[in-house]
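Participant: give me the fold of what follows.
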Amino acid sequence: MPDKESIRRRNPPKTSSIRNDNDLNSGDIKSGNRSTLRLFIKTVILCLVAGLIYAYATSPISAKIIEPVKDSNELTWAHVDNEDLKNGERILEELHGPESVAVDNENGYWYTGTHDGKLIRIENVNQPTPTYIDITSKLVNGPYSAGKGSGLRRPLALRLRNGKLFLADAYQGIFVVDTDTYTWEKIVGYDGVDPELKFADDLTVNKAGTKVYFTDMSVKWDYNAIGYMRTEGDCSGRVIEADVKTKATRVIKRDLCSPNGIELTPDEAMLAVCESPNNQILLLDRKSGEVIRKVHMPGNVDNIRRSKDGGYWVALPTPTIRMLQWTRNVPFIRDILARILGTNGVFIFADLSHGGVVKLNKDFEPVSIHKDTGGELCRVVTEIVELNNGFLICSFMLPGLVKIDKLVSL
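Facilitator: Coordinates of the predicted model:
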């Protein structure tokens, strides 16, 4: 006879199949919650897709495929750890955005321009505390203007030749100011070439002071839309020659990618042009515009100026903007980004936290690189000018100028 325990195992108690109302309601609620969540996720995804389609359809730019830049890791000469650009002092911090400086060694003056369109003469430059005057108010017949728009002014590049101050204004064009009489003259206004100037950026002048060579960064985008220009991958920039006396112009080279700094070689046979987003300097035949050579740099390039020993100093405002390279073959992504990010565009992804300059010899071979990796003193460098007793460093981002006593070639 089986024991009670065996009977219990063979005949387990039946569980009730009756569910109470609370269990039913709980299941319905969970099922409803899952359905609501799925609906919410689908709605979010549809809204996101619709938003991206709208951003693409209404984008202010028409992005293009961008050529790859040379990997900076291949430039072994640039792999030097130094902080040379920290060894200086910031002066005249009340001046905002001095992007370029022209040095008058004979009279002991420096000239620069500021964000608010002023031309500034800096005096007592060899004293511990230099002073300055606004010469814009001294200009005969009022401040220079070519009549564009509301008369906005932004002097970006300055050069001195034979007592004349040549300037490239982002809004207005190319001008010359007599530093003795304060009279000014327009060389090329915004409507002086076809298509009209959009963004005069840098200039250089021949020894005789009779010819000016300048960069027009784009025939589409102006100074207020730099972010759009770079995000789009615009390559409509030009190098232009202008006769100071006759005002005649000649386009030397077209279809350049954001051409920035420009410098004549000592024999005036070639022009060195900084193609900023491509991290390179183009050596152009001055007469034909033919590209003789490309010199690769370890980052975006800005202005280029001659050194005392016959070489060149090149400003590196930012490293390569990686977002441009990651999306170089998928321009529609940059179209969307331009709509979402506005005029800043991919500059939002740019590293603006460091400073760098490169020294080249007379043959455009690298001699040394100098850095402020933390951006403590020099950041977003736009130009470096060699003085008789040191260097001046400019930045459109930080106020004032940086004066550095010495940079050692490595």
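Participant: what's around residue 190, how many residues?
Facilitator: Per other CB atoms under 10 Å, the neighbour tally for residue 190 reads 21. (C-beta placed from N, C-alpha, C; glycine too.)
Participant: nope, residue 209 is what I was after
Facilitator: A total of 17 residues lie near residue 209 under the criterion other CB under 10 Å.
Participant: cool, residue 373 as well?
Facilitator: For residue 373, using other CB under 10 Å, the count is 14.
Participant: so how far is residue 91 from it?
Facilitator: Relative to residue 91, residue 373 is positioned 22 Å away (CB to CB, to the nearest Å).
Participant: same check on residue 273?
Facilitator: Taking CB to CB, one finds residue 273 at 30 Å from residue 91.
Participant: ok, those two, which is more surrounded?
Facilitator: residue 273 (29 against 16).
Participant: so what's the more buried one up against?
Facilitator: 215, 239, 253, 256, 259-262, 281-284 (CB atoms under 8 Å, 6 or more residues apart in numbering).
Participant: ok, now residue 362?
Facilitator: Residue 362 neighbours (CB under 8 Å, 6+ apart): 266, 309-312.
Participant: also residue 282?
Facilitator: Here residue 282 is in contact with 256, 259, 272-275, 291, 293-295 (CB under 8 Å, 6+ apart).
Participant: for it, give the beta-bridge partners.
Facilitator: Per DSSP bridges, the residues bridged to residue 282 are residue 273, residue 294.
Participant: of the contacts of residue 282, buried ones?
Facilitator: For the contacts of residue 282, a burial check counting by 16 or more other CB atoms under 10 Å picks out 256, 259, 272-275, 295.
Participant: so which helix or strand takes in residue 40?
Facilitator: Using DSSP states H and E, the element containing residue 40 is helix 21-57.
Participant: CA-only coordinates of the helix or strand following that helix in CSV, if you can.
Facilitator: Using DSSP H and E, the next helix or strand after helix 21-57 towards the C-terminus is strand 88-91. Backbone C-alpha positions of strand 88-91 (Å, rounded to 0.1, in the frame of the first residue of the first chain) are rendered in CSV as follows:
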residue,chain,number,x,y,z
GLY,A,88,55.7,86.0,-24.1
GLU,A,89,53.2,88.6,-22.9
ARG,A,90,49.9,89.9,-24.0
ILE,A,91,49.7,93.6,-24.7
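Participant: please report the distance of the residue lying closest to residue 275 once chain neighbours are set aside from residue 63.
Facilitator: Distances taken as CB to CB, 6 or more residues apart in numbering place residue 257 nearest to residue 275, at 5.2 Å, with adjacent residues excluded. For residue 257, the distance to residue 63 (CB to CB) stands at 13 Å.
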